[in-house]
Structure formats: structure tokens, C-alpha cells
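# Turn this into a structure:
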Amino acid sequence: ITLAGIGNGTTAAGNTGQVDIGNSATADLNLSGTFFTNGQTTYEASSTAGGTDENIDITATTTFKTSDDAIIFSTAAIDIADTANLTIDTGTGAITLTDIHGDGTTDTTDLDIDGGAISVKSIGQTGAKDEINGVDINGSGGITLNGSIFTAGTGNNVGLTGAVALATGDILIDTSTSNGTVTMSSTLDGTQNLDILSGTGTVTITGNIGTSNALTSLDINKTGAGNTGSIVLSGNIGTDSAAGAGAVTLGHDGLTGSITFGTTGVNGDYNTTGDQIYEADSYVLSGTDPTFATDNDAVTFNDGGLTLATASDLTINTGSGTAGAITIQGDIAGTSDGSTTTVTLEAGSGAVAIKGIGTDIGNVTIDGSGGVTLNGSITTAGGNIDINDATTLATGAITLTTANGTVDFASTVNADGAEALTIRSGTGNVTFG
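Numbering: from 1, shown residues only. Take a look at the predicted model:
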């Protein structure tokens, strides 16, 4: 079947009522032009004819349109010709897609999909990531991902506008070949593993993650020397009482960008049932009272320092019983505006290892019966320092300065070499043991 359009461009539909073009035995469905239909519309072809499943052929730039009616692509995969673009617009109508492929010779094929509830299978493929260039999906009724998305080319960004649900198996969004950005404008849920690789492109997830259905795991730029792009999580992972994911890994040793958590004026909760591993050159905590919590699993911030915004009292809690370790390799700093932010690290029976803490810091409280290791100095703006378990001075001279706040070591203090400890508490009491 070969068709060059239905209706009068995008101004008038060419029919009234349901439209069915092709069936599961149709050997090849060749479509180009503009298809404006009034009624639920199905395009279908065989997934085996000719020894291929790519038998819905978009042979030139093509637009499919309805007035709030569903469009369904069925059985066969969609194959878009080189240099051609595909646009689907159903208003509030649902859209159901099969796998989408392209040619990849010139790396310019773009997808623009707008509708109500949108169900997406795979877009592109791992062995030919340049089949599809940019992907823009806007689903007012939500977007369901049933497969991975691969893009490459000039401007190979992936934008998902609408609540995203992960539905089928492990899902990878990969724009790394050409450094495309990945942007999700709303919530992200689904009991699957999600992996995002973006090269130098920024990954932004605006909504909360896993608050309806927790992700099995979330990895963003976890591997690959070229995957160095910044990561922005404007929402939360889970809630203060429920985990939003299993293990979470953001960044890796070569990530030169930053990781930003939270939105100004909104409480930040990052609650998981597995380890949380963050690795970047710097971290910005923008939300109110950011809390990182696990179910007795480790929380690790590698490489860069953490900057706390005004009102961003930091809590890391890996459990009060058998708990995971807390490791912070960079300095923790508040914002120099005269207000103070507190730092509370609770590892239960786990170990805590931190570097320096300073700049408009209030009270500092550290618990970890597995031992507390200080690799840097702590300075508060009048806040108290309470270290409630055996402490080791590990890296050079350590100075605790409180501007009249108290200093309390509830257990032993030892050096692992010849480190010196200096305490400057003004009028604040100093207590050992």
C-alpha cells in the first residue's frame, strides 16, 4: 500500500469515522505527506514480510494528525527515510507507537510527537545510534517508555514533556555520541532500571522520581570517559517516608560537570533502598533541608565539594541500626549570606569519613559507631560540634573552630599518624568522653 496523504493538509480532515490502513499481512505500507483523519486511525503492516520488521515506511517528511482522536501504529516497526522527519499530533488523543528506526546517512531525522497518553517502544538502536537525531515527545496524558532511545546527529536532544512511566525491562536513553541533552519536564516512575548517557549534554529531571512506583535503579552518566555532562534533579527521589529507587549512581570519576539537587523553597528528599553514589567536580544543594536516606546502605559523595544554599540544612541518614557508611570526599560549605545551615550525619553502626566543613555553618552532628574519620577542619558560625563516636584524625592538622559554640567528643580521639588537633571554641565548652 502506498499513500501520499489524507485530507487537505493540516487544515481539514479527509474523512469522518474510524480509519484502518493495512493489516498484519500487509507486506509494505509506504506513507508520505500529511495524513489528517477524523476518528481513531490505525496504520499496520507485517512484522515479517520481506525478512524485516520495518515495513511501515515513511518515505519523506510526513505529518500524522487528528482532532483529539487516537493514532495507532501496529505490528511492524516504523522506518523513516534519510533526511525525512516524522511529526504526529493528536491533540488530546492517545498515540501508540511501534519501534522507530531511520536511515542515519545524514543524521538529521527528527521526531516530534504530541498527544494525550503516548506509548513509545524503542527509538533508534544501539548499533546505529545516528538513525534518529532529535526526539521531542509531549504527552499531556503521560509518556510510557517500553524501550530504549538512541540519538546522534546535530542537535540530538531528547525532550520528554509529561509524566514518564518506565514500563518494560531495562531502559537506556543514550545521546552520548553527539552530546545531546536529556530533559524530563515532569515526574518519573516505574519499577524498571533506567540508565542515561549524555556525553557532555546536561541531564535534567524536573519532577519527583519514584513517588508512585519506585525505580529499580537509576544511573546517569555512570560510565564512559566521554559522559561528563552535568546532572540536575529539581525534584525528589521518593519521599521522607518511602524510597523512590533502589540503587542510585550519578556521575563517575571523569564527570567534570556538576550535580544539582532540589529547588529553592522546596524540601529535598532523596530516599533509596540501595546505595547512593554521587561523583562530580561539584555539588549544589538548592532545596530546603535536603535529606539523603537509605535502608542501611551507603551514601557517597566523591571528588567535589558540596555547596549548601540558604536554608539547606543537610541531613544524611543511612539508618540508626545496622547502617551504611557515609563518605564525603570534598568540603561542605554553606552560603556566605549571614545565615547558617546545619549538617547532620547519621550512620548508625556504619563509618563516617568527611573532609572539611565551613562557611556559615550552624550545628554539626556526626554519628557512626563504625568510626568517624576527619580529613579536614570544621568551622561553624557559632554552632556546636558533636561527634558521638570514636574519631580518627587522618589528614594533616585538624582545626575545629566554633565562634563560642561547644565541642563535644563522646568517645576516643586518635590520629592515624602524627596529625595535630587544635580546638578554638571561644567561650564554648570542650568535652572529651
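# residues in contact with the most centrally placed residue in the chain?
The geometric centre of the chain, computed from its C-alpha atoms, lies nearest to Ile205 (CA atoms, centre = their mean), at 5.3 Å. By CB atoms under 8 Å, 6 or more residues apart in numbering, the residues touching Ile205 are 184, 188, 232-235. For the C-beta atoms, the positions are set from N, CA and C on the backbone; glycine is no exception.
# Who is it paired with across the strands?
Met184, Leu233 (DSSP bridges).
# how distant is the helix or strand where Ala60 lies from the center of its chain?
Assigned by DSSP states H and E, Ala60 belongs to strand 56-66. From the chain centre to the centre of strand 56-66 is a distance of 32 Å (CA atoms, centre = their mean, to the nearest Å).
# how big is the angle separating the helix or strand following that strand from strand 56-66?
Next helix or strand after strand 56-66 toward the C-terminus (DSSP H and E): strand 71-75. Using axes from the mean of the first three to the mean of the last three CA atoms, to 10 degrees, the inter-axis angle of strand 71-75 relative to strand 56-66 is 160 degrees.
# Which elements pack onto the helix or strand following strand 71-75?
Following strand 71-75 in sequence order, the next helix or strand is strand 78-80 (DSSP H and E). For strand 78-80, the packing partners by 3 or more CB pairs under 8 Å, 6 or more residues apart in numbering; DSSP states H and E come out as strand 56-66, strand 100-102.
# The helix or strand following strand 78-80 pairs with which strands?
Going down the chain from strand 78-80, the next helix or strand is strand 86-89, by DSSP H and E. The strands that strand 86-89 pairs with in its sheet are strand 56-66 (parallel), strand 111-115 (parallel) (by DSSP bridges).
# Among these, single out whichever gets nearest to Thr161.
strand 111-115 (8.8 Å; CB to CB).
# and the next helix-or-strand element following that closest one, how far from the chain's centre?
Downstream of strand 111-115, the first helix or strand assigned by DSSP H and E is strand 118-120. Offset of strand 118-120 from its chain centre (CA atoms, centre = their mean): 20 Å.
# Residues touching strand 118-120, excluding its own?
Under CB under 8 Å, 6+ apart, the answer for strand 118-120 is 94-97, 113, 137, 139, 141-147, 149, 162, 167.
# Tell me the buried residues in the next helix or strand after it?
Counting by DSSP H and E, the next helix or strand C-terminal to strand 118-120 is strand 135-139. Neighbour-count burial for strand 135-139 flags 135-139 (criterion: 16 or more other CB atoms under 10 Å).
# Gly254 against Lys222, yeah?
No - contact criterion CB atoms under 8 Å: Gly254 and Lys222 do not qualify, at 10.9 Å.
# which of these two has more neighbours?
Between Gly254 and Lys222, counting by other CB atoms under 10 Å, Lys222 is the more crowded of the two (19 against 15).
# burial count for the closest residue to the more buried one other than its chain neighbours?
Of all residues not flanking Lys222 in the chain, Thr249 sits nearest, at 4.6 Å (CB to CB, 6 or more residues apart in numbering). When neighbours are counted by other CB under 10 Å, Thr249 registers 20.
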